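Student: Dropping a prediction and its sequence here:
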Amino acid sequence: MERLHDPVLENDWHAVYLTSELKEKPVAVTLLGERVVLYRNSRGVQALRDLCIHRGAMLSKGWVKDDAIVCPYHGWHYNGEGQCVCIPAQPAGERIPLRAKTAAYACEEKYGFVWICLGEPTGPVPHFEEFANPAFRPLPCGPYKVKAAGTRVIENFTDFAHLMFVHQDLLGHPDYAELPDIQVIKEKNRIYIENIPIFQPVAHSGSDKSEGTTYVYRKEVYRPLSGRLSKTDPGNGQTLWILLTVAPVAADECLVFMMVARNYGFDVDDENFIRFQDIVFDQDAQVIESQKPELLPLDLQAELNHRVDVFSVAYRRWLNELGVKVGTI
Ligand code: FES
Ligand SMILES: [Fe+2]
């Protein structure tokens, strides 16, 4: 797979794995075409280039010993900084060549995901109160593998007009497809919209409304491939927050992670909420994987942008301003 260069995305954090799934065994992930190995040692999660400098074997096929990852081919040990600290075939006491190292990447665990950054992170993974507040119950969903550009997935996240069709009877109904005027608010590090009412024919599980209800949405894109939304029933204050973040595996392939937090229905089995997200996301993926061109056109003349598409147009403009290259044309 080709290594993709995009300074904006390389210096950004990307969720690449569920923390609950990362156990003793090292695992391989791919981000922007780069193969990365994740493993745990006594200092936490470590992320290294998944390539032994000696003969190019994959470190992710090795194991962890003495806090280091051991290459499965000749047993070289690499510490969390990527420095080789043991060459078993070399006589004891001999110096290990300084060049014997692999790249180490910034790595953080948050919201139930392992986040990595291939370049220089501009700050920590942002903190969102809704996932720390005990009034909400956070639940990781996914990851979902999508054969499409991550930018297409985020644009779909900004879109309201598909809810009544792609998610017909779940999140909307064609008879209630008309959208209100939408104002996009742009700040230095995000774009967002708020107070968008959408009628949903069947209320979510854990709701006391047996009939449909109108939810009020707020949606924000805070990084090129990350956003979050809230969906509130003003009648009873029930609120669902969703964090959606997309790891660009390749230009036209991505892995989608979701954190869902609700302040209601704590007695409802979490599996119900996970299954709901699985169904909804699969509906999105079917459409997204069919879109042409595969990469998101930043030239606003390339597709037909309607007045109702203001948020996705703002997203395309923002990507253009930031200079995001991967997943765009
Ligand atoms: S290839 Fe890794 S130790 Fe030789
Ligand atoms: Fe959708």
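Tutor: Perfect, thanks for sending it. Ligands and ions are numbered 1, 2, ... in the order given.
Student: What about the spatially closest residue to residue 40 that is not a sequence neighbour, how many residues nearby?
Tutor: Leaving aside its sequence neighbours, residue 40 sits nearest to residue 22 (CB to CB, 6 or more residues apart in numbering; 6.3 Å). Yep, even glycine has a C-beta here, placed from its N, CA and C like the rest. Residue 22 sits with 19 neighbouring residues when counted by other CB atoms under 10 Å.
Student: and residue 22, what does it touch?
Tutor: By CB atoms under 8 Å, 6 or more residues apart in numbering, the residues touching residue 22 are 38-40, 45, 114.
Student: Just want the residue of the stretch 201-329 of the chain that's nearest ligand 1.
Tutor: residue 249 (24.5 Å; CB to the nearest ligand atom).
Student: was I right about that residue contacting residue 255?
Tutor: Yes. Here residue 249 reaches residue 255: they are 5.8 Å apart, a contact under CB atoms under 8 Å.
Student: which phi and psi does the spatially most central residue of the chain have?
Tutor: The centre of the chain sits closest to residue 245, judged by CA atoms, centre = their mean, with a distance of 2.3 Å. Dihedral pair for residue 245: phi -140, psi 140, per degrees, to the nearest 10.
Student: quick one, what contacts the closest residue to it other than its chain neighbours?
Tutor: Using CB to CB, 6+ apart and skipping the chain neighbours, the partner closest in space to residue 245 is residue 226 (4.2 Å). By CB under 8 Å, 6+ apart, the contact list for residue 226 reads 154, 243-246.
Student: Check residue 50 too.
Tutor: 28, 35-37, 58-60.
Student: Adding pLDDT as columns, could you present those residues in a markdown table?
Tutor: Shown next, in a markdown table, are the contacts of residue 50 (pLDDT from 0 to 100):
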| residue | pLDDT |
| --- | --- |
| 28 | 98 |
| 35 | 98 |
| 36 | 98 |
| 37 | 98 |
| 58 | 98 |
| 59 | 98 |
| 60 | 98 |
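Student: If you rank those residues by neighbours, which is first?
Tutor: Tallying neighbours with other CB under 10 Å puts residue 59 at the head of the contacts of residue 50, with 26 neighbours.
Student: Go ahead and confirm it touches residue 78.
Tutor: Yes. The pair residue 59 / residue 78 is scored as a contact, 6.7 Å apart, by CB under 8 Å.
Student: tell me, what's touching those two both at once?
Tutor: 48, 52, 69, 71, 102.
Student: Would you mind naming what in the chain lies close to ligand 1?
Tutor: Counting by CB under 6 Å from any ligand atom, the chain comes close to ligand 1 at 52, 54-55, 57, 71, 73-74, 76.
Student: Pick out whichever of those residues sits closest to residue 134.
Tutor: Closest approach between the residues of the chain next to ligand 1 and residue 134, by CB to CB: residue 71, at 43.7 Å.
Student: what about that closest one, distance to residue 89?
Tutor: From residue 71 over to residue 89 the distance is 12 Å, taken as CB to CB, to the nearest Å.
Student: Neighbour count: these two, which is higher?
Tutor: residue 71 (26 against 7).
Student: What's the per-residue pLDDT of the more buried one here?
Tutor: Residue 71 is assigned a predicted lDDT (pLDDT) of 98.
Student: List the contacts of it.
Tutor: Contacts of residue 71 (CB under 8 Å, 6+ apart): 52, 54, 57, 59, 62, 77-78.
Student: what's the closest of the residues you listed to residue 97?
Tutor: Using CB to CB, residue 54 is the member of the contacts of residue 71 that lies nearest residue 97, at 10.2 Å.
Student: Just to check, that closest one is in contact with residue 77?
Tutor: No. Judged on CB under 8 Å, residue 54 makes no contact with residue 77 at a distance of 11.5 Å.
Student: which of the two has more neighbours?
Tutor: Between residue 54 and residue 77, counted using other CB under 10 Å, residue 77 has the larger neighbour count: 20 against 15.
Student: which residues does that one bridge with?
Tutor: Following DSSP bridges, residue 77 is listed with bridge partners residue 70, residue 86.
Student: how near is it to residue 104?
Tutor: Residue 77 is 14 Å from residue 104, by CB to CB.
Student: Can you report how many residues lie near the closest residue in space to residue 82 that isn't next to it in sequence?
Tutor: Spatial nearest neighbour of residue 82, chain neighbours left out: residue 104 (3.7 Å); criterion: CB to CB, 6+ apart. A count of nearby residues for residue 104, using other CB under 10 Å, gives 16.
Student: pLDDT value on residue 104, please?
Tutor: 98.
Student: so what's it up against?
Tutor: Contacts for residue 104 (CB under 8 Å, 6+ apart) come out as 46-49, 80-82.
Student: ok, so of those, who is nearest residue 210?
Tutor: Nearest to residue 210 among those, with distances taken as CB to CB, is residue 47, at 47.6 Å.
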